[in-house]
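Student: Sequence first, then the predicted structure, then my questions.
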Amino acid sequence: MKQSMIRKTIRVLFGAALLTAVCSGSLFAADTIKLGIAGAHSGDLASYGLPTVKAAELVVKEINAKGGVLGRQVELLTEDDVCKPEVAANTGTKLVSKGVHAIIGHICSGATKAALGIYKDAKLIAVSPSATNPELTQSGQYPNFYRTIASDDAQARLEVDFTIGTLKAKKIAVLHDKGDYGKGLAEYAKKFAEDSKKASVVLFEGITPGAVDYSAVVQKIKRSGAEAVIYGGYHPEASSIVSQMRKRGMKTHFISDDGVKDDTFIKVAGKYAEGVYATGPKDTTKNPLAIAAIEAHKKAYGSDPGAFFLNGYAATQAILNAIEKAGSTDYAAVGKALQNEFVETPLGKIRFDKRGDAIGVGFSMYQVRKGVYVEVK
Amino acid sequence: MEYFLELLLGGLTRGSIYALIALGYTMVYGIIELINFAHGEIYMIGAFTALIVASVLTMSGMTGLSVLILASVVAVLYAAAYGFTVEKIAYKPLRQAPRLSPLISAIGMSIFLQNYVLIAQTSDFLPFPNLIPDLPFMEPYAHIMGSTELVIVLTTTVVTVILTLFIKFTRIGKAMRATAQDRGMAMLAGVNVNRVISNTFIIGSALAAIGGVLIASHIGRINFYIGFLAGIKAFTAAVLGGIGSIPGAVLGGLILGWTESFATGYVSSDYEDVFAFCLLVLILIFRPAGLLGRSTIQKV
């Protein structure tokens, strides 16, 4: 009896403490704009999450020094999800209860998915610097989700758009090397090509990596009448297939991925490499903002930035810019601003499409011309 | 029909490639009943030697056929020396040991040679120049069969014929057959068994080097690992045809090549290996010694 009384008292006290915490949180909200930074900040994958924290700190420091956003200072609240979906749900709830206005994160796709529902219910926008799972934007389930990294299928999308749009190919052969990377890309390419209804996939096959001869599959491509080959895989097999195609006098276009956008490919395939297309990450090394951001990191932390630093930097800039342009932290207004207003970031000038993928981030098409990969504009 | 013909020729090339390497496996097995796992590595070393020699010769201004011949000769000599040395170091001391010991020694040699080339050369793929000049009379047929393919098929044919005649009619050939049948008896009859075994390794390695030069020209790239991948298929071909039998190695290689080519052409290249190995299993169920292998009665 007595014990249960004590328990009750403790519960009441605890509840009261929580309540005050929430209240004080909402009291503060009027003064600052709160950004939640969620991601893996400890554990195995901390190296993926921490650079984004540092990027956000650098951006916020600079913006606060200039007077903040909408005349209010920006405050960062970091929460760790150790990249685990079950923890991420708690992380999300915690950030929501602390009254954040938007979230940078999460880092891992699984954890992001687990937390997004919570943010959606609370009408909060989340911008991830690193979650690449295509579903996150394409399922349409998370209208509150944006990202400053290209999704896993972006290369396949670019390959197909280029093949159908620029090369005007109507019949496409899709090949892969049966590996996770190559097959995954090839399956997306097949799906996109079929969905476009402008071209048909006349051949879809996995080849055996390391085989001594690819003449049978090359004959098959020829017989299929394909005008373009999209290949998912790495350069050793690509160079063999291209060489055998060209030796047989086939002028079929060859389009591949960043596993082939490698100088070894040009070295090995030699003259047969000429004219081959390959997608590769956009070059950011010449962007002055990227150079400045990396310099600032070196100055503040005395080291080179880690993974997804520039993506984290861009995500923070994008959300703060959208709040500024929207004139408030209102969910609908900020979402509209993210989709309509361009922002200068280390990744280039970006805005987001309706699904939440950044336009202007990700991959470019390159072509081998006179022995070097040249970006196709 | 034209498609069928193209696949047939493609399979013939592929089969000849397997056969050329399988000959080395089968010869060594015939003599000392050892699966020489390092054979694939000798093939790889032959290709590397040819690449180095060819690069040097090309830089000094030589072109065409002379590069091919010189590079091949050096590769053959170098690979033969390797084969000879490998046998002396890794297999000869184990001649009286249980059969498992030289087998493990062979696997060790294979790993050693791979890593040796990896460290001494590079882990990257290197471009291999096409040393085989384009034959002008093949030009109209280039869309079905290139000059390189033709040269590979012809070489395999010539090598097989010479090898068969050599084993049948020369003194060394006779000594090899005697050693294969009964090593102890051959020794008693005055055959220098050690020399016969050395010769076998030298011939097998020389063939591997020829294969290395031609196949690398065909594929256009080499790295330290090509011997392993080609070796597995060639070994399969040797078993398929009946390990120990020279016509068997060629037949096994061709059947494997055609199976893969037609499986790719008419079904899907996804199942290329599946068909190849299903065929192997089937043949071994009905003919455990392989197509042309002799099933020897175990001596009790």
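Tutor: Here it is on my side, so go on. Bear in mind the structure is a predicted one, so any value in this text is a computation, not a measurement.
Student: which residues sit in contact with residue A:269?
Tutor: By Cβ atoms under 8 Å, 6 or more residues apart in numbering or on different chains, residue A:269 lies in contact with A:238, A:239, A:242, A:243, A:276, B:127, B:220. Any C-beta I mention is one placed from the backbone N, CA and C, and that applies to glycine too.
Student: Now, the residues you listed that are in strands?
Tutor: Counted as lying in strands by DSSP state E, out of those, are residue B:127.
Student: between the contacts of residue A:269, which is nearest residue B:5?
Tutor: The shortest gap between residue B:5 and any of these belongs to residue A:243, at 21.7 Å (Cβ to Cβ).
Student: which non-adjacent residue is nearest that closest one?
Tutor: Once flanking residues are discounted, residue A:243 sits nearest to residue A:272: 4.5 Å by Cβ to Cβ, 6 or more residues apart in numbering or on different chains.
Student: same thing with residue B:51?
Tutor: Counting by Cβ to Cβ, 6+ apart, residue B:128 is the residue found nearest to residue B:51 once chain neighbours are left out, at 5.7 Å.
Student: how about low-confidence regions in the stretch 101-250 of chain B?
Tutor: Counting by pLDDT under 70, the stretch 101-250 of chain B has no low-confidence residues at all.
Student: make it 90
Tutor: For the stretch 101-250 of chain B, applying pLDDT under 90 flags the ranges B:121-125, B:129-148, B:180-184, B:219-221, B:223, B:225, B:228-232, B:243-245.
Student: which residues of it fall in helices?
Tutor: Using DSSP state H, counting those that start in this stretch, the helices assigned to the stretch 101-250 of chain B run over residues B:147-169, B:171-181, B:183-188, B:193-219, B:226-241, B:246-262.
Student: so which of those gets nearest residue B:3?
Tutor: Nearest to residue B:3 among the helices of the stretch 101-250 of chain B is helix B:246-262; the distance by Cβ to Cβ comes to 10.6 Å.
Student: Next SSE downstream of the closest one?
Tutor: Per DSSP states H and E, the first helix or strand lying C-terminal to helix B:246-262 is helix B:272-286.
Student: Dump that next one to PDB, restricted to CA.
Tutor: Provided in PDB are the C-alpha atoms of helix B:272-286 (Å, rounded to 0.1, in the frame of the first residue of the first chain):
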ATOM      1  CA  GLU B 272      25.500 -20.400 -69.000                       C
ATOM      2  CA  ASP B 273      27.400 -22.000 -66.200                       C
ATOM      3  CA  VAL B 274      24.400 -23.900 -65.000                       C
ATOM      4  CA  PHE B 275      24.100 -25.700 -68.300                       C
ATOM      5  CA  ALA B 276      27.800 -26.300 -68.500                       C
ATOM      6  CA  PHE B 277      27.900 -28.000 -65.100                       C
ATOM      7  CA  CYS B 278      24.700 -29.900 -65.500                       C
ATOM      8  CA  LEU B 279      26.200 -31.400 -68.600                       C
ATOM      9  CA  LEU B 280      29.300 -32.300 -66.600                       C
ATOM     10  CA  VAL B 281      27.200 -34.000 -63.900                       C
ATOM     11  CA  LEU B 282      25.200 -35.900 -66.400                       C
ATOM     12  CA  ILE B 283      28.300 -37.200 -68.300                       C
ATOM     13  CA  LEU B 284      30.000 -38.200 -65.000                       C
ATOM     14  CA  ILE B 285      26.900 -40.100 -63.900                       C
ATOM     15  CA  PHE B 286      26.900 -42.200 -67.100                       C
END
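Student: Can you tell me which helices and strands it packs against?
Tutor: In terms of contacts (3 or more Cβ pairs under 8 Å, 6 or more residues apart in numbering or on different chains; DSSP states H and E), helix B:272-286 is packed against helix B:226-241, helix B:246-262.
Student: any idea of the angle it forms with helix B:226-241?
Tutor: 40 degrees (axes from the mean of the first three to the mean of the last three Cα atoms, to 10 degrees).
Student: Buried by neighbour count: which residues of helix B:272-286 qualify?
Tutor: Buried positions in helix B:272-286, judged by neighbour count with 16 or more other Cβ atoms under 10 Å in any protein chain shown: B:272, B:273, B:275, B:276, B:279, B:280, B:283.
Student: Please apply the same query to stretch A:72-83.
Tutor: Those would be A:72, A:74, A:75, A:76, A:77, A:78, A:79, A:80, A:81, A:82, A:83, for stretch A:72-83 by 16+ other Cβ under 10 Å.
Student: now do stretch B:255-266
Tutor: Across stretch B:255-266, burial judged by 16+ other Cβ under 10 Å covers B:255, B:256, B:257, B:258, B:259, B:260, B:261, B:262, B:263, B:264, B:265.
Student: which stretch of helix or strand covers the nearest residue to residue A:176 once chain neighbours are set aside?
Tutor: Among residues not flanking residue A:176 along the chain, residue A:186 sits closest, at 3.6 Å (Cβ to Cβ, 6+ apart). Using DSSP H and E, residue A:186 sits in helix A:180-196.
Student: ok, the biggest helix by length in chain B near chain A or not?
Tutor: Counting residues, the longest helix found in chain B (DSSP state H) is helix B:2-32. Yes: against chain A, helix B:2-32 shows contacts by Cβ under 8 Å from any Cβ of the partner chain at B:3, B:6, B:7, B:9, B:10, B:11, B:13, B:14, B:17, B:18.
Student: Just the buried ones out of those residues, please.
Tutor: Buried subset of these (neighbour count, 16+ other Cβ under 10 Å): B:6, B:7, B:9, B:10, B:11, B:13, B:14, B:17, B:18.
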